[in-house]
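Colleague: Prediction below, plus the sequence it came from.
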Amino acid sequence: GGIAMANIACFLKKTGYLVSGSDLDTFGPSAVLLKKHEIKYFKDHNSIHIKKFKPDIVVIGNAIQRGNPALEYVLDKQIPYRSMPEIVREEIVKNKTSIVVAGTSGKTTTAALLAWVLKGAGLKPAAFIGGIMKNTNTGFMAGSGKYAVVEGDEYNSSFFDLSPKFLHYSPYHDIITNIQPDHLDIYGNIENVFKAFQKLIRIIPEAGSLILNNANQYTSAAKKDSRSRIMTFGKNGDIWANGIKLTPDGLSFIVFSGARRLGEIKSRLLGKHNVENMLAAFALAFELKIPFKKIAKAITTFKGVKRR
């Protein structure tokens with residue numbers, strides 16, 4: 001089973017819904033998460049499970065296609081159904097300021113870190129992550145604050161909706177970690193991947209903000225599609241790092257805003273890619289006017305994301 005579907009199931013259970021489900025195989029973090037939240041599920045797609053459960057709504061993952069016996073039963077009996085992104089929008093994003101973290105890599109760590117920063121700042125965010133945050137052993141937060149942090153995937157939404165998942169999340173603020181060739185099974189080439197991100201950029205409101213990786217080859221083109229405030233991170237960006245060094249606990253670096261030295265960041269994470277992820281999350285948190293000390297403290301205590 002997919003970790004995102006497991007996370008949304010657990011979020012719904014935590015917020016008061018009766019939840020069950022089915023998949024041909026559920027393993028690893030997904031199985032652990034479902035067991036922890038005491039969600040019973042079936043390891044096949046026999047329609048009898050839906051018949052017995054009598055759901056009000058069926059959430060259909062994007063791996064499910066026509067011909068699946070459970071899906072055919074849902075359609076035949078005209079049971080209300082939604083794609084996973086529709087449920088995320090209706091149950092997590094609705095009535096909140098949506099922060100979407102997208103990109104062909106790095107988005108899971110960046111989204112998890114940003115949610116952790118907002119939590120550490122006392123903002124009580126809701127969050128939906130495509131992984132398991134080591135700090136919480138979940139991939140979601142059910143906070144009552146004004147912000148919702150959502151990892152935005154560019155893959156299609158469902159059998160009936162081939163649009164990217166992230167277009168459903170009503171972004172007010174958006175981070176794009178990078179744009180590289182990915183999911184070429186549906187996009188065919190990098191140009192079509194970029195077009196998907198252009199659609200995302202075009203729905204961010206003027207009063208919102210867009211955080212871009214200054215080193216990515218598509219950043220200059222992406223800027224042209226935006227009417228919101230733009231901030232870049234990384235080499236020669238608005239938010240950048242210097243003095244990166246290994247420490248006994250991970251790494252540290254000095255973060256700058258333009259020419260202004262903001263202070264030292266210490267992290268348990270390793271690797272140049274994670275420095276970029278931290279800068280991306282920092283940039284959005286900085287844009288939200290969270291004080292440097294609170295951002296730095298949250299980054300220091302962030303443990304990372306478990307492998308799926």
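Modeller: Everything's here; your move.
Colleague: In contact with Tyr218, which residues are there?
Modeller: The contact partners of Tyr218, by CB atoms under 8 Å, 6 or more residues apart in numbering, come to Ile179, Phe194, Phe197. Every residue, glycine included, has its C-beta placed from N, CA and C.
Colleague: Double-check the second one against Ile179; I have them as touching.
Modeller: By that I understand Phe194. Yes: with contacts counted by CB atoms under 8 Å, Phe194 reaches Ile179, the gap being 5.6 Å.
Colleague: how about the nearest residue to the spatially most central residue of the chain, chain neighbours excluded?
Modeller: Residue closest to the mean C-alpha point of the chain, counted by CA atoms, centre = their mean, is Glu151 at 1.0 Å. Distance criterion CB to CB, 6 or more residues apart in numbering; nearest residue to Glu151, sequence neighbours excluded, is Ala111 at 4.1 Å.
Colleague: How about the secondary structure of the one you found?
Modeller: Three-state assignment for Ala111 (DSSP: H, G, I helix; E, B strand; the rest coil): helix.
Colleague: Can you classify Val88 by secondary structure?
Modeller: Classification of Val88 using three-state DSSP returns helix.
Colleague: where do the strands sit along the stretch 101-250 of the chain?
Modeller: Along the stretch 101-250 of the chain, counting by DSSP state E, counting those that start in this stretch, strands occupy 126-133, 138-142, 147-151, 156-158, 161-164, 173-176, 209-213, 229-233, 239-247, 250-257.
Colleague: Tell me the strands beside the fifth one, with direction?
Modeller: Read that as strand 161-164. Looking at strand 161-164 with DSSP bridges, its partner strands are strand 156-158 (antiparallel).
Colleague: buried set for the partner strand?
Modeller: Neighbour-count burial for strand 156-158 flags Asn156, Ser157, Ser158 (criterion: 16 or more other CB atoms under 10 Å).
Colleague: With stretch 205-225 instead?
Modeller: By neighbour count on 16+ other CB under 10 Å, the buried set for stretch 205-225 is Gly208, Ser209, Leu210, Ile211, Leu212, Asn213, Asn214, Asn216, Tyr218, Thr219, Ala222.
Colleague: same question, stretch 76-86
Modeller: Tyr81, Arg82, Ser83, Met84, Pro85, Glu86.
Colleague: Next, report how far it is displaced from the centre of its chain.
Modeller: Offset of stretch 76-86 from its chain centre (CA atoms, centre = their mean, to the nearest Å): 22 Å.
Colleague: hang on, the earlier thing: confirm for me that the residue nearest to the centre of the chain is in contact with Leu114.
Modeller: No: with contact defined as CB under 8 Å, Glu151 does not count as touching Leu114 (9.8 Å).
Colleague: quick one: common contacting residues for these two?
Modeller: Val101.
Colleague: What is the burial count for Pro113?
Modeller: One correction, residue 113 is Leu, not Pro. A count of nearby residues for Leu113, using other CB atoms under 10 Å, gives 30.
Colleague: Let's see the pLDDT reported for it.
Modeller: Note on Leu113: pLDDT of 98.
Colleague: And for Leu33?
Modeller: Here the pLDDT value assigned to Leu33 is 88.
Colleague: coming back round to it: residues contacting the residue nearest to the centre of the chain?
Modeller: With CB under 8 Å, 6+ apart, Glu151 has these contacts: Val100, Val101, Ala102, Lys107, Thr108, Ala111, Phe128, Ile129, Gly130, Gly131.
Colleague: Could you check how far the last one is from Arg260?
Modeller: In this case it means Gly131. Distance, Gly131 to Arg260, by CB to CB, to the nearest Å: 33 Å.
Colleague: So for these two, which sits in the more crowded spot?
Modeller: Between Gly131 and Arg260, counted using other CB under 10 Å, Gly131 has the larger neighbour count: 21 against 7.
Colleague: Next, the contact list for that one, please.
Modeller: Contacts of Gly131 (CB under 8 Å, 6+ apart): Ile3, Pro29, Thr108, Thr109, Ala112, Gly139, Glu151, Val305, Lys306, Arg308.
Colleague: go again using 6 Å as the cut-off
Modeller: By CB atoms under 6 Å, 6 or more residues apart in numbering, the contact set of Gly131 is Thr108, Gly139, Val305.
Colleague: now swap in Ile129 and tell me
Modeller: Ala111, Ala112, Gly139, Glu151.
Colleague: Find the pair from those residues with maximum spatial separation.
Modeller: The distance between the two most remote of these (CB to CB) is 9.7 Å, for Ala111 and Gly139.
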